[in-house]
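1. how does the following fold in three dimensions:
(chains A and B)
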There are 2 protein chains.
Amino acid sequence: MRSIADLNPHTQLCAVIGNPVSHSLSPAIHNRAFQELGLDFVYLAFRVEDVGSAASGMRALENFRGLSVTIPHKVAILQHLDEVAEVDAQIGSVNTVVNDGGKLRGFGSDGPGARQALAENGADVAGEPVLILGSGGAARAIGFDLAHRASPSSLVILGVVEDELAALARDLGEKTGVKVTGELLTDRNLERRVAESRVLIHATPIGMHPREGESLVPPELMHADLAIMDIVYNPHLTRLLEDAEARGVKTIPGIEMFVNQALFQFEAWTGERAPRQVMKQVVLDHLTRQPG
Amino acid sequence: MRSIADLNPHTQLCAVIGNPVSHSLSPAIHNRAFQELGLDFVYLAFRVEDVGSAASGMRALENFRGLSVTIPHKVAILQHLDEVAEVDAQIGSVNTVVNDGGKLRGFGSDGPGARQALAENGADVAGEPVLILGSGGAARAIGFDLAHRASPSSLVILGVVEDELAALARDLGEKTGVKVTGELLTDRNLERRVAESRVLIHATPIGMHPREGESLVPPELMHADLAIMDIVYNPHLTRLLEDAEARGVKTIPGIEMFVNQALFQFEAWTGERAPRQVMKQVVLDHLTRQPG
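-> Residues are numbered from 1 along each chain as shown, chains lettered A, B, ... in the order given. Model prediction:
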């Protein structure tokens, strides 16, 4: 087991920046993975207010290899990067930075993480109608990623923040060419759209603290051809997933996407295949210890 | 023993910045000391070209607690700090930075490290004539520190770089009020000044790679009332110290100052008493492994 005393002039640093960061699981997940593979990396957490200085500091510090970027800096970090993929520029935020010898490359791992979670769990997106509940940052990242890379037959977004919803539906339609509908989340729209969909992705905060035990989707709407992914991972089994399981509907818990997004970050920084099981176990252990 | 997997969102970072840094002993010394005391710190090394961006990055990254600053940034770092003690401003360089909640405080630990090495080894400076060989950065740091804080009866600096020597003697005289003489390092001056001195501090690169085995001080000049400190610590026993030991003259090896300067840094960052013996042992172990 590598100890602190083994750190040396070649050890590389990765870190999460955000505000706050004191409850981040990322240090536990990535350090456990570095340990597992015997990689000469450490992962820390930095509370940051001035994201521009943090980025130029990273650029100046040669062994500072990677960043996870979290709230409130996912959008602001963009203007401090040297390279961003088109899909991430369209999304307008990234959660990952790789420092290639002073050149900062950013990308989002939430969309790919969600897409992989769907694929690994047998929820086909290609040629199928997909419904996303919510129009915030996560919905936007997932919507663009699926539209660009997974060929859904259509995307329907149901949301409650009208401007944000309209912008997301418009941007998706204009920039990806996929067939997109944005509608207000009403009982009537929900009933109709769930009935039409094969994949439902829940991307709102309902079901997590302080709204544990709540769900947007009445169980009676769930049908046998539906797969339901919740991006809420704490609690592990949300009310939405409980209801879906009780109805015999395929479920994909939020932890799958959460672990995958960390895995894409890890692989981008280290160039190594991430140890998925140990990373997932860190999250599970943590959720078990948590009251909420 | 703390492992990499124990790192968490509260872990604090210290690091050496310089160019190059790949052979720095500082990560080994400080991480071993953090380990010994069970402190939640890690120490890394960053090759840096843009020292201003490194400093503002440190300011922006809340858990980035401390820096060791080495060549070529010891002078340039000064203009990026918020607070520097008067003695360090006079010296014109620092090798240590402490980040107090976004406020960067710098100081030099070489001078205090040398002064403590002399005191711990019974080489009295107060009221005694002190001779320094060399007029570079180390001589300057030690000269100012002793002049301000150890009350020598006089300081003589013998050097070969005329402008640098003149500037050091002038600055010391004007800013500290101590009686100072700067002279060219000639055989004749050396003979006279060694005879007059009680403490001789060797602060030139003679004796270290690629000039191992060389010494500036002919053994026959060494007298019973003299104490000789070499700031060269690799090799552990320089020709100068070998000759002095053979003459029965008190010697203070460079490792004493080297360990002390690390110790002052460690204590400034952590607020804890540094574990001197384990830190020294790291250096000794490394020197033993080194061919030179």
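
2. and the strands in chain A?
-> Applying DSSP state E to chain A gives strands spanning A:12-18, A:41-47, A:64-69, A:83-84, A:96-100, A:103-107, A:129-133, A:154-159, A:180-184, A:199-202, A:227-230, A:250-252.

3. list the contacts for the spatially most central residue of chain A?
-> Centroid-nearest residue in chain A: A:Asp110, 2.7 Å away (criterion: Cα atoms, centre = their mean). Applying Cβ atoms under 8 Å, 6 or more residues apart in numbering or on different chains, we find A:Asp110 in contact with A:95, A:138, A:141-142, A:145, A:257, A:261. (C-beta placed from N, C-alpha, C; glycine too.)

4. which of these lies closest to chain B?
-> The shortest gap between chain B and any of those belongs to A:Asn95, at 16.6 Å (Cβ to the nearest Cβ).

5. A:Ala167 versus the closest residue to A:Leu165 other than its chain neighbours, what's the distance?
-> Distance criterion Cβ to Cβ, 6 or more residues apart in numbering or on different chains; nearest residue to A:Leu165, sequence neighbours excluded, is A:Gly159 at 3.7 Å. In this view, A:Gly159 and A:Ala167 are 10 Å apart by Cβ to Cβ, to the nearest Å.

6. what about those two, which has more around it?
-> A:Gly159 (23 against 15; other Cβ atoms under 10 Å in any protein chain shown).

7. my read is that that one contacts A:Thr186, right?
-> No. Taking contacts as Cβ atoms under 8 Å, A:Gly159 lies outside contact range of A:Thr186: 10.9 Å.

8. CSV for the strands of chain A, including mean pLDDT?
-> Output for the strands of chain A, formatted as CSV (pLDDT from 0 to 100):
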stretch, mean pLDDT
strand A:12-18, 98
strand A:41-47, 98
strand A:64-69, 98
strand A:83-84, 98
strand A:96-100, 98
strand A:103-107, 98
strand A:129-133, 98
strand A:154-159, 98
strand A:180-184, 98
strand A:199-202, 98
strand A:227-230, 98
strand A:250-252, 98
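
9. circling back to that earlier point, with neighbour count added, can I get the contacts of A:Asp110 in TSV?
-> Formatted as TSV, the contacts of A:Asp110 follow (neighbours: other Cβ atoms under 10 Å in any protein chain shown):
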residue	neighbour count
A:Asn95	27
A:Ala138	21
A:Ala141	28
A:Ile142	29
A:Asp145	23
A:Met257	29
A:Gln261	23
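
10. could I get the strands of chain A as a markdown table with distance to A:Phe266?
-> Shown next, in a markdown table, are these (distance: least, Cβ to Cβ, whole Å):
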| stretch | distance to A:Phe266 |
| --- | --- |
| strand A:12-18 | 8 |
| strand A:41-47 | 9 |
| strand A:64-69 | 9 |
| strand A:83-84 | 20 |
| strand A:96-100 | 10 |
| strand A:103-107 | 13 |
| strand A:129-133 | 26 |
| strand A:154-159 | 29 |
| strand A:180-184 | 32 |
| strand A:199-202 | 24 |
| strand A:227-230 | 22 |
| strand A:250-252 | 21 |
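
11. check the stretch 151-292 of chain A for the residue nearest chain B and tell me.
-> Chain B sits closest to A:Val282 of the stretch 151-292 of chain A, with a gap of 8.7 Å, by Cβ to the nearest Cβ.

12. nope, the stretch 1-150 of chain A is what I was after
-> Of all residues in the stretch 1-150 of chain A, the one sitting closest to chain B is A:Gly57 (1.1 Å; Cβ to the nearest Cβ).

13. got a pLDDT number for the closest residue to that residue other than its chain neighbours?
-> Leaving aside its sequence neighbours, A:Gly57 sits nearest to B:Gly57 (Cβ to Cβ, 6+ apart; 1.1 Å). Note for B:Gly57: predicted pLDDT of 98.

14. ok, now which ones touch B:Gly57?
-> Counting by Cβ under 8 Å, 6+ apart, B:Gly57 touches A:53-54, A:56-58, A:60-61, B:64.

15. now swap in A:Met229 and tell me
-> Contacts of A:Met229 by Cβ under 8 Å, 6+ apart are A:114, A:117-118, A:121, A:123, A:199-202, A:251-254, A:256-257.

16. now the angle between strand A:12-18 and the top helix by length along chain A, please.
-> When chain A is parsed with DSSP state H, its longest helix is helix A:254-270. Inter-element angle recorded for helix A:254-270 and strand A:12-18: 140 degrees (by axes from the mean of the first three to the mean of the last three Cα atoms, to 10 degrees).

17. excluding its backbone neighbours, what's nearest A:Asn19?
-> A:Arg47 (5.3 Å).

18. wouldn't that neighbour be in contact with A:His23 here?
-> No. Contact criterion Cβ under 8 Å: A:Arg47 and A:His23 do not qualify, at 11.3 Å.

19. more neighbours, these two?
-> Neighbour count, other Cβ under 10 Å: between A:Arg47 and A:His23, A:Arg47 has more, with 17 against 9.

20. who's the more buried one bridged to?
-> A:Gly18 (DSSP bridges).

21. what's around A:Glu196, how many residues?
-> Count around A:Glu196 with other Cβ under 10 Å applied: 11.

22. one more: A:Arg193?
-> By other Cβ under 10 Å, neighbour count at A:Arg193 equals 21.

23. residue contacts, it?
-> Residues in contact with A:Arg193 (Cβ under 8 Å, 6+ apart) are A:131, A:156, A:158, A:183.

24. could you rerun that using 6 Å?
-> By Cβ atoms under 6 Å, 6 or more residues apart in numbering or on different chains, the contact list for A:Arg193 reads A:131, A:156.

25. do the same with the one 5 residues further on
-> Applying Cβ under 6 Å, 6+ apart to A:Arg198 gives the contacts A:128-129, A:225.

26. could I get those as JSON lines with distance to A:Glu212 and neighbour count?
-> As requested, these are arranged in JSON lines below (distance: Cβ to Cβ, whole Å; neighbours: other Cβ atoms under 10 Å in any protein chain shown):
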{"residue": "A:Glu128", "distance to A:Glu212": "30", "neighbour count": "17"}
{"residue": "A:Pro129", "distance to A:Glu212": "30", "neighbour count": "18"}
{"residue": "A:Asp225", "distance to A:Glu212": "28", "neighbour count": "12"}
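
27. ok, which of the residues you listed also contact chain B?
-> Among those, none lies close to chain B by the criterion of Cβ under 6 Å from any Cβ of the partner chain.
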